[in-house]
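Visitor: Fold the following.
(2 chains)
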Amino acid sequence: MVNRWKFRAAKTSRGNVIADWLEKNTRLKARTSSFLRRLRELPLPWPPTYYGSLGDGIGEIRIDMGNVEHRLYGFFGYLADEFTVLAASSDKDNQQATVQSVKKRFKQVQKNPVATEEYVV
Amino acid sequence: MSKKELLEQLQDPEYRAEFVSSEIDMGLPMQLRAMRESRGWKQSFVAEKTNTQQPRFSLMERPGYGKYSLNTLKKLAALFDVGLIVSFVPWGEMIDFVESLGPRRLSIPSFCHESNVLSARYSRQKHIGTPNNQLQFIFSTGQVRQEPSIVSPSAPYQEVSGTKESLQVPPEMIETVDLAYLAQINLVGGTSYDTAR
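Guide: Sure thing, here's the model as predicted:
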């Protein structure tokens, strides 16, 4: 029996990083929910189509829609069966920059845990 | 997300349309991958058996792919030896389906793997369809353990030993008999009717 994964998201002034990212895109919101509802049922390792490690303790959840690559960047933790999202992006051109900033943030997070909340799908 | 929260989101007509689309476009590819991997099959094997190319099948397993033809789905269902329901449904049913998603909704077993479980379940749960919308519940009171059975007047009767009384359910009540109700009445016999969709 596999435990169901929980998704957490770093809090922001308006809500959290996932909710902010999805705020004005109904289609992406619906697709992300459908995807995460199923992904949370899968044991590790998640298939490379769904998830990729980026090194230094972080990884990306991959939500591809045609030629647009949507990404949820984060890490496994803080608790078991949790994946915490630190950033979300749909911008392929700036992916490298986003990854670097997420890695930097993850280092900070390890020292001072960031405020998160569960993102319920 | 609770059913209530989902219902709130579905108040938006645009979200409703995207929700239906997403459940198909994201759900089917993830099911396909899970079913294939649980059987230890390669993409090339499935592609060959369904008269398609491996790169094409690889696309079909990618979440977001929404170009399946009904014919392809039927071929895949036959190959994986699983059921396939393509049907318009009430929203309540859709919400129940989504909220009941679990691992067993992703990797669907083949008929062979499921039939033993079904045989055991159906032997305890005598439930036969009724052409005239009339159900008859026969309660076996002569046994130590009470086990309600549902039989059809038009179908061959199954002997229930020790039967002392029967209860006719009027047709107007039938509309109120839903799966949850059937599950409830089955509890006496220790049979749990699976209402998860």
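Visitor: Next, residue A:117: secondary structure please.
Guide: strand (DSSP: H, G, I helix; E, B strand; the rest coil).
Visitor: Isn't it up against residue A:12?
Guide: No - between residue A:117 and residue A:12 there is no contact under Cβ atoms under 8 Å: 10.0 Å. (Glycine included, C-beta is placed from N, CA and C.)
Visitor: residues in contact with residue 81?
Guide: This is for chain A. By Cβ atoms under 8 Å, 6 or more residues apart in numbering or on different chains, the contact list for residue A:81 reads A:3-6.
Visitor: nope, chain B
Guide: So residue B:81 contacts B:110-112 (Cβ under 8 Å, 6+ apart).
Visitor: Helices of chain A, residue ranges please.
Guide: Using DSSP state H, the helices assigned to chain A run over residues A:17-22, A:26-39, A:95-111.
Visitor: Just name the most buried of the ones you listed.
Guide: helix A:26-39 (a mean of 22; mean count of other Cβ atoms under 10 Å in any protein chain shown).
Visitor: Specify which member of the contacts of residue B:81 is nearest to chain A.
Guide: The shortest approach to chain A among these belongs to residue B:110, at 19.7 Å (Cβ to the nearest Cβ).
Visitor: Okay, now the unreliable bits of the chain?
Guide: Let's take chain A. A:1-2 (pLDDT under 70).
Visitor: Sorry, I should have been clearer: chain B.
Guide: B:126-197.
Visitor: Can you give me the domain boundaries for it?
Guide: Domain assignment for chain B by automatic domain parsing gives B:3-114, B:125-189.
Visitor: So stretch A:55-72, near chain B or not?
Guide: Yes - counting by Cβ under 8 Å from any Cβ of the partner chain, contacts between stretch A:55-72 and chain B involve A:63-66.
Visitor: and those residues, which two are the farthest apart?
Guide: Maximum pairwise distance among the residues of stretch A:55-72 next to chain B (Cβ to Cβ): 11.3 Å, between A:63 and A:66.
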